[in-house]
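1. quick one: sequence plus predicted model below, questions after.
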Amino acid sequence: MSKVEFIGIGAQKAATTWLHHVLSEHSAVTMGDTKELNFFTANYDRGYIWYESCFADGPAGTIKGECSPTYFFSLDAPQRARDYNKDLKLICILRDPVERAYSNHLHEIRKGHIASSISFEDALARNPAYARQSQYKTNLEHWLACFDRSALLLLFSEDISENPKRAYDQICRHLAIAPDPNPASLSDRHHETVTYRSPAVQHTLRRGGDMMRSLGMRKAVRTVKALPGFKHALSMNKEHLKTKIAPPTSETRQRLTDLFTPDMEFVARVTGRAELPWQTWRERKGGV
């Protein structure tokens, strides 16, 4: 069985769901049978045979890949990934580090891991992963110690929101595949943290889509998802947590901005960009 050829490594709450969906719809790509296989982190002891079996239903001639945001901040994942396939192509999507940390908080509430009454500030003090996952310099250095810079495509979720087609084309070039025309998920909102008015309806729709994809009906899934009535029904079933959970205080935002400034400056150097599309970048000391 052929090796997995690319992985999306994160960051968490930075459009990895969008990445998974647009590549799942690509005719030349076989994605893992679940969104987050977490092989190089939690499931490494299952071995390569298990990992590659997660792609067994893909058509012949397609390239294999998966997205697991836990890889980004793992100390073990970079070397494990290189040991598995030194020619792996990596895709990493970054987001304004303060917004990413706050979205992390909303995600924990949505999952039921913490109560909605716990403020972002309290949760930040109790869970160091909120900040650690936004410390991009340290996390990227671990990956760049194991892979050449040319193996890593770095994107920004804000750029994806502004121009998803351009980001999609960049991804396809990185993977050496031709873009498919008009992916159904291309313009989907990609880092919303929502609850559902009817979880049962959402679960049924998701299971139905997964079943259709497993039966080779990806084109039908794309057609249904593109229907205006279907999109409207999905939207009406959502409730946005941002409207219910207080954002970071100005003092917390400034403290995190100071903490993340070296990380942002590292990202600017690595990407060769004079400006980053982040409010936190503009608010840093010495910034505009």
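-> Perfect, thanks for sending it.
2. can you pull the contacts of the residue lying closest to residue 135 once chain neighbours are set aside?
-> Nearest residue to residue 135, sequence neighbours excluded (Cβ to Cβ, 6 or more residues apart in numbering): residue 263, at 5.3 Å. (Each C-beta comes from the backbone N, C-alpha and C, glycine too.) Residue 263 makes contact with 97, 134, 135, 136, 137, 138 under the criterion Cβ atoms under 8 Å, 6 or more residues apart in numbering.
3. and if you look at residue 91?
-> Residue 91 sits next to 6, 7, 8, 9, 19, 67, 152, 153, 155, 171, 174 when contact means Cβ under 8 Å, 6+ apart.
4. give me the number of residues near the first one?
-> Close neighbours of residue 6, defined as other Cβ atoms under 10 Å, add up to 25.
5. one step back: quick one: which of the contacts of residue 91 sit in helices?
-> The members of the contacts of residue 91 that map onto helices under DSSP state H are 19, 171, 174.
6. so can I have TSV of these showing neighbour count and distance to residue 87?
-> Formatted as TSV, those follow (neighbours: other Cβ atoms under 10 Å; distance: Cβ to Cβ, whole Å):
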residue	neighbour count	distance to residue 87
19	27	20
171	23	17
174	17	13
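7. what's the closest of the contacts of residue 91 to residue 247?
-> residue 155 (24.6 Å; Cβ to Cβ).
8. mind checking how far the closest one is from residue 212?
-> Per Cβ to Cβ, to the nearest Å, residue 155 is found 28 Å from residue 212.
9. quick check: residue 184 is in a helix.
-> No - counting by DSSP: H, G, I helix; E, B strand; the rest coil, residue 184 is not part of a helix but coil.
10. give me the number of residues near it?
-> Using other Cβ under 10 Å, residue 184 has 20 neighbouring residues.
11. then residue 151?
-> Neighbours around residue 151, by other Cβ under 10 Å: 18.
12. for it, give me its contacts.
-> Contact analysis of residue 151 by Cβ under 8 Å, 6+ apart lists 87, 88, 89, 90.
13. can those go into JSON lines with extra columns for secondary structure?
-> Formatted as JSON lines, these follow (three-state DSSP):
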{"residue": "87", "secondary structure": "coil"}
{"residue": "88", "secondary structure": "coil"}
{"residue": "89", "secondary structure": "strand"}
{"residue": "90", "secondary structure": "strand"}
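14. tell me the helices in the chain, going along the chain?
-> Assigned by DSSP H, the chain shows helices spanning 16-24, 47-53, 77-84, 97-110, 120-126, 129-132, 136-144, 157-162, 164-175, 199-214, 218-225, 228-236, 250-271, 279-283.
15. among those, which gets the worst mean confidence?
-> Mean pLDDT values for those show the minimum at helix 228-236, a mean of 68.
16. and for residue 229, the neighbour number?
-> The burial count assigned to residue 229 is 8, neighbours taken as other Cβ under 10 Å.
17. do you know how far it is from residue 210?
-> Computed with Cβ to Cβ, the distance linking residue 229 and residue 210 is 21 Å.
18. for residue 223, same thing?
-> Separation of residue 223 from residue 210 (Cβ to Cβ): 16 Å.
19. again with residue 100
-> Look at residue 100 and residue 210: by Cβ to Cβ, they are 27 Å apart.
20. strands - which of the contacts of residue 91 land there?
-> Taking DSSP state E, the ones among those that sit in strands are 6, 7, 8, 9, 67, 152, 153, 155.
21. quick one: these as JSON lines, columns for pLDDT too.
-> Below are the ones in strands among the contacts of residue 91 laid out as JSON lines (pLDDT from 0 to 100):
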{"residue": "6", "pLDDT": "99"}
{"residue": "7", "pLDDT": "99"}
{"residue": "8", "pLDDT": "98"}
{"residue": "9", "pLDDT": "98"}
{"residue": "67", "pLDDT": "98"}
{"residue": "152", "pLDDT": "99"}
{"residue": "153", "pLDDT": "99"}
{"residue": "155", "pLDDT": "98"}
